[in-house]
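K.L.:
Next input, structure requested:
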Amino acid sequence: MEIIRADNSGFCFGVKQAIKKTEEQIGLMPGRIFTMGPLIHNELVTGDLKKRGVEMIASLDEVEEGDTVIVRSHGEPRSFFDDALAKGIRLVDATCPIVSHIHKLVEEAGKSGKKVLIVGDPSHQEVIATAGWCTGEVKIIRDGEDAAKVEPGEYYLVCQTTIRKALLDEVVEILKSSGSETEVVNTICNATTLRQESCAELAKKVDAMVIVGGRNSSNTRKLFEIADQLCENAFFAEKIEDLPLKALKKYSKIGVAAGASTPESIIEEVIANMSDTNEKTTMADFMEEIDASLKLPRNGEIVDGKVHQVTDKEVIVNIGCKKDGVLPLDEVSLEEGQTLADVFKEGDEIQAKVIKTDEDGSILLSKKKLEMSAHWAEIIEAHENRTPINVKVKRAVNGGVIAEYKEVSGFIPMSQLSDRYVEAESVDEFIGQSFDVKVTRVDQRRNRAVFSHKIVLLEEKQKQIADIWEKLNVGDVVEGTVMRFTDYGAFVDIGGIDGLLHISEISWGKLKHPQEVLAIGDRIKVKVLSMNQEKGKISLGLKQITPEPWSVINEKYEVGTIITGKVVQPKEYGAFVELEPGLDGLVHISEVAHKRVTDIAEELKVGQVVNAKIIDIDTERKRISLSIKAAIDEVGEPEQPAEEAPAAVEEPEAAEAPEVVEEAVEAAPTEE
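P.N.:
The predicted structure follows:
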């Protein structure tokens with residue numbers, strides 16, 4: 001019989017830490033020691049602790065001030081810690097560091113207003129504890145059926161450390177298909193993943209699988225599910241008495257896997273009871289393990305290790321070979337003010353990349369290089385999917401700037417810094433800025449990446465313009481900014497799109513140039529007159545914001561009123577005076593003065609300010625008759641502003657003359 005033990009079987013780091021902290025407390029402090037619920041999901045371990053004086057409680061009501069309570073590896077809600085503090089109970093926190101990290105994630109997510117989703121078993125202590133650290137809305141998803149019931153929205157998702165990756169992928173896909181935007185943080189424990197992968201690989205190769213561990217352990221049950229799916233003969237053994245020894249004798253190759261809560265002694269006892277021979281424990285295998293420990297890792301190899309010592313300048317790491325690894329300060333990414341001691345603690349399990357191996361010296365490790373590999377993978381993915389990444393501009397170089405994405409530096413050409421032209425001397429204004437870019441080129445072999453901020457800005461502008469076109473309708477009144485003039489009108493920016501305000505649509509009166517009433521930078525309200533999205537043209541109107549003068553003539557003017565206006569068009573038979581833009585009245589030559597006037601140019605000039613009395617209003621024919629001599633009798637002549645001194649008579653073109661001049665002459669009073 002050949003018995004093969006799966007890699008990564010037995011206690012995980014979190015469980016080891018919980019047991020170590022508990023054993024340290026036995027006999028250390030006066031008073032009673034308790035664990036809040038089972039320390040781990042293994043009755044043999046909890047039973048042994050009970051014999052040594054460590055009792056198990058279900059509530060803080062069972063303990064008194066001064067007692068010691070050990071927080072189990074699965075953790076407790078935030079309220080538990082607050083209650084213990086209020087009651088004066090001494091706590092020893094044995095929460096798995098990975099679980100504690102999840103607590104911090106959901107707590108920060110809740111504080112920032114995010115809705116939290118937790119994928120896992122709602123009855124499992126780890127999930128209950130995690131939900132208890134959420135400060136906002138939280139929902140627990142057991143399976144795909146629960147995921148399908150989640151209302152579409154924006155969510156922040158974490159998961160139980162021991163669930164199967166397939167379940168996480170299924171839930172994420174269902175949420176995505178329902179239209180939810182979900183920020184997914186894969187919090188499955190790496191040790192759990194490795195344990196499950198090792199179990200799956202072994203189950204495919206053997207005749208039978210034996211899973212060793214507590215039946216209440218979530219990760220052990222999942223190992224059994226994997227073994228049962230991939231191997232025809234799978235058995236669950238919580239203790240030696242559960243082993244079906246007779247049934248196992250007929251199999252020539254047996255695999256053994258154990259959950260994270262299973263002590264090494266139980267695993268060894270199970271293997272010993274199944275067979276006196278085990279290819280995994282032959283002298284040859286021991287020699288292979290010894291040889292492996294003597295070999296030094298190669299440059300570029302990624303190694304796992306345990307922190308042995310932390311100093312101000314370096315971290316000493318036991319990586320399982322004849323020499324320890326050295327992780328220098330400058331090969332670790334630290335936040336401002338952080339020290340190595342803030343990040344690493346003795347006993348921490350870490351992963352690093354070997355950057356130098358010397359037979360005569362130490363093994364030099366780097367966390368930065370390891371992180372950089374992951375960051376390069378993110379950049380390559382962003383390039384392939386054309387998704388933006390956020391970078392920070394560090395310094396100017398010839399032809400552009402250097403920007404950093406995490407630990408990776410990339411180049412932004414001057415032409416790609418902005419959607420406007422950037423002068424070389426202006427590049428310093430970008431130093432220190434953080435913004436989104438698109439990855440336009442990647443050459444990881446040469447450690448080169450090229451970014452573009454311009455593409456992001458143009459895409460945002462296109463999206464903004466498309467949004468404006470979608471929401472804008474003919475007849476809408478919008479606010480805009482006067483950007484530039486032409487002889488035929490002005491262009492107005494209405495939120496990202498320029499519309500044309502034709503000179504004829506600016507005022508109800510006649511203008512020679514838009515500058516007569518507008519200035520660059522003016523904020524004005526305009527009306528959308530027409531739209532052509534295919535040609536990208538929008539026609540605007542300003543005069544439409546105010547009523548057409550003749551539509552409210554009776555509200556503003558009446559016969560007998562004295563008005564002040566400007567002479568706009570002298571004629572042989574009289575002169576037209578502007579009451580307001582778009583509203584002119586005719587002063588017949590006989591109404592200019594009390595004396596006989598034969599040449600109107602001798603009396604009135606274009607631009608001259610005059611007082612005139614309204615003597616007739618014909619709303620049907622849109623005609624106003626005025627009299628200057630009648631106004632002089634009542635109010636006298638107006639003063640002429642220096643800047644508005646009468647100008648030389650300009651004979652307007654025939655096209656600018658009022659309609660039906662002959663009728664106007666006939667309708668005007670004649671001199672007796």
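K.L.:
Do a quick rundown of the strands in the stretch 451-600 of the chain.
P.N.:
477-486, 489-493, 498-502, 523-532, 537-541, 562-571, 574-580, 583-588 (DSSP state E, counting those that start in this stretch).
K.L.:
can you tell me how far Glu238 sits from Pro263?
P.N.:
Between Glu238 and Pro263 the computed distance is 12 Å (CB to CB, to the nearest Å). For every residue, glycine as well, the C-beta is placed using N, CA and C.
K.L.:
actually Pro388, not the one I typed
P.N.:
From Pro388 to Pro263 the distance is 49 Å (CB to CB).
K.L.:
go on, Ala237?
P.N.:
If you go by CB to CB, the gap between Ala237 and Pro263 works out to 13 Å.
K.L.:
again, but for Arg623
P.N.:
From Arg623 to Pro263 the distance is 109 Å (CB to CB).
K.L.:
Also His453?
P.N.:
Distance from His453 to Pro263, by CB to CB: 57 Å.
K.L.:
which of those two has more neighbours?
P.N.:
His453 (23 against 20; other CB atoms under 10 Å).
K.L.:
give the contact list for Gly325.
P.N.:
By CB atoms under 8 Å, 6 or more residues apart in numbering, the residues touching Gly325 are 303, 305, 316-319, 352, 354, 362-365.
K.L.:
Among those residues, name the ones in strands.
P.N.:
Within the contacts of Gly325, residues falling in strands by DSSP state E are 303, 305, 316-318, 352, 354, 363-365.
K.L.:
between those, which is closest to Ile615?
P.N.:
Ala352 (99.8 Å; CB to CB).
K.L.:
how many neighbours does the closest one have?
P.N.:
27.
K.L.:
Excluding sequence neighbours, find me the nearest residue to it.
P.N.:
Excluding its sequence neighbours, the residue lying closest to Ala352 (CB to CB, 6 or more residues apart in numbering) is Leu365, at 4.0 Å.
K.L.:
What distance do you get for that neighbour to Thr339?
P.N.:
Counting by CB to CB, the gap from Leu365 to Thr339 is 18 Å.
K.L.:
How about Ser59?
P.N.:
40 Å.
K.L.:
Repeat that for Gly10.
P.N.:
On the measure of CB to CB, Gly10 and Thr339 end up 34 Å apart.
K.L.:
neighbour count winner among Leu365 and Thr339?
P.N.:
Higher neighbour count among Leu365 and Thr339: Leu365, with 30 against 12, using other CB under 10 Å.
K.L.:
from what I can see the more buried one touches Glu331, true?
P.N.:
Yes: here Leu365 reaches Glu331: they are 6.8 Å apart, a contact under CB atoms under 8 Å.
K.L.:
Does Ile70 touch Ile33 like I think?
P.N.:
Yes: the criterion here is CB under 8 Å, and Ile70 meets it with Ile33 at 7.0 Å.
K.L.:
what touches both of the two?
P.N.:
22, 25, 54.
K.L.:
In three-state terms, label the nearest residue to Glu407 once chain neighbours are set aside for me.
P.N.:
Computed as CB to CB, 6+ apart, the closest residue to Glu407 that is not its neighbour in sequence is Met372, at 4.5 Å. Three-state call for Met372 (DSSP: H, G, I helix; E, B strand; the rest coil): helix.
K.L.:
Show me what stretch 233-253 is in contact with.
P.N.:
So stretch 233-253 is contacted by 1-2, 4, 43-44, 203, 205-215, 224, 227-228, 254, 266, 269-270, 273-274 (CB under 8 Å, 6+ apart).
K.L.:
What about those residues, which are in helices?
P.N.:
Mapping the contacts of stretch 233-253 onto helices (DSSP state H) picks out 43-44, 203, 224, 227-228, 266, 269-270, 273-274.
K.L.:
Who does the nearest residue to Arg386 once chain neighbours are set aside form a beta bridge with?
P.N.:
Spatial nearest neighbour of Arg386, excluding adjacent residues (CB to CB, 6+ apart): Lys438 at 6.5 Å. When bridges are called by DSSP bridges, Lys438 pairs up with Ser452.
K.L.:
Which residues are in contact with Lys438?
P.N.:
382, 386, 388, 451-452, 455-456.
K.L.:
give me that answer again for 10 Å
P.N.:
Contacts for Lys438 (CB atoms under 10 Å, 6 or more residues apart in numbering) come out as 382-383, 386-389, 416, 450-456, 458-459.
K.L.:
low pLDDT regions in the protein?
P.N.:
Within the chain, the segments meeting pLDDT under 70 span 27, 29-30, 275-295, 322, 358-361, 444, 636, 639-672.
K.L.:
So what sits opposite the residue nearest the centre of it in the bridge?
P.N.:
Residue closest to the average C-alpha location in the chain (CA atoms, centre = their mean): Glu183, at 9.1 Å. Under DSSP bridges, the beta-bridge partners of Glu183 are Tyr156.
K.L.:
for it, what are its contacts?
P.N.:
109, 114, 117, 154-158.
K.L.:
Farthest pair within these?
P.N.:
So, these by CB to CB: farthest apart are Glu154 and Val158, at 15.0 Å.
K.L.:
of those two, who's got more company?
P.N.:
Val158 (26 against 11).
K.L.:
Next, the contact list for the more buried one, please.
P.N.:
101-103, 105-106, 109, 116-120, 127, 130, 134, 168, 183-188.
K.L.:
if you compare the strands of the stretch 451-600 of the chain, which one is most tucked away?
P.N.:
strand 583-588 (a mean of 24; mean count of other CB atoms under 10 Å).
K.L.:
roughly how far out does that one sit from the chain middle?
P.N.:
65 Å (CA atoms, centre = their mean, to the nearest Å).
K.L.:
Show me what that strand is packed against.
P.N.:
strand 562-571, strand 574-580, strand 609-618, strand 623-627, helix 628-635, helix 661-667 (3 or more CB pairs under 10 Å, 6 or more residues apart in numbering; DSSP states H and E).
K.L.:
okay, those in CSV with distance to Pro297 next?
P.N.:
Shown next, in CSV, are those (distance: least, CB to CB, whole Å):
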stretch, distance to Pro297
strand 562-571, 93
strand 574-580, 90
strand 609-618, 96
strand 623-627, 100
helix 628-635, 105
helix 661-667, 103
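K.L.:
And those: which comes nearest Val343?
P.N.:
Comparing the helices and strands packed on strand 583-588 by CB to CB, strand 574-580 comes nearest, at 75.9 Å.
K.L.:
Asn42 versus Ser73, what's the distance?
P.N.:
11 Å.
K.L.:
Contacts only, for the nearest residue to Ile163 once chain neighbours are set aside.
P.N.:
Of all residues not flanking Ile163 in the chain, Gly120 sits nearest, at 5.6 Å (CB to CB, 6+ apart). Counting by CB under 10 Å, 6+ apart, Gly120 touches 126-128, 130-131, 140-142, 158-163, 167-168, 187, 218.
K.L.:
now, among the contacts of Lys438, which is nearest to Val568?
P.N.:
Leu458 (47.9 Å).
K.L.:
who's in contact with the closest one?
P.N.:
Contacts of Leu458 (CB under 10 Å, 6+ apart): 419, 438, 452.
K.L.:
One more: Val303?
P.N.:
Contacts of Val303 by CB under 10 Å, 6+ apart are 297, 317, 319-321, 325, 350-354, 363, 365, 370.
K.L.:
Can I get those residues in TSV including distance to Ile402?
P.N.:
Output for the contacts of Val303, formatted as TSV (distance: CB to CB, whole Å):
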residue	distance to Ile402
Pro297	32
Val317	32
Ile319	34
Gly320	39
Cys321	38
Gly325	31
Ile350	30
Gln351	29
Ala352	26
Lys353	23
Val354	28
Ile363	31
Leu365	27
Leu370	22
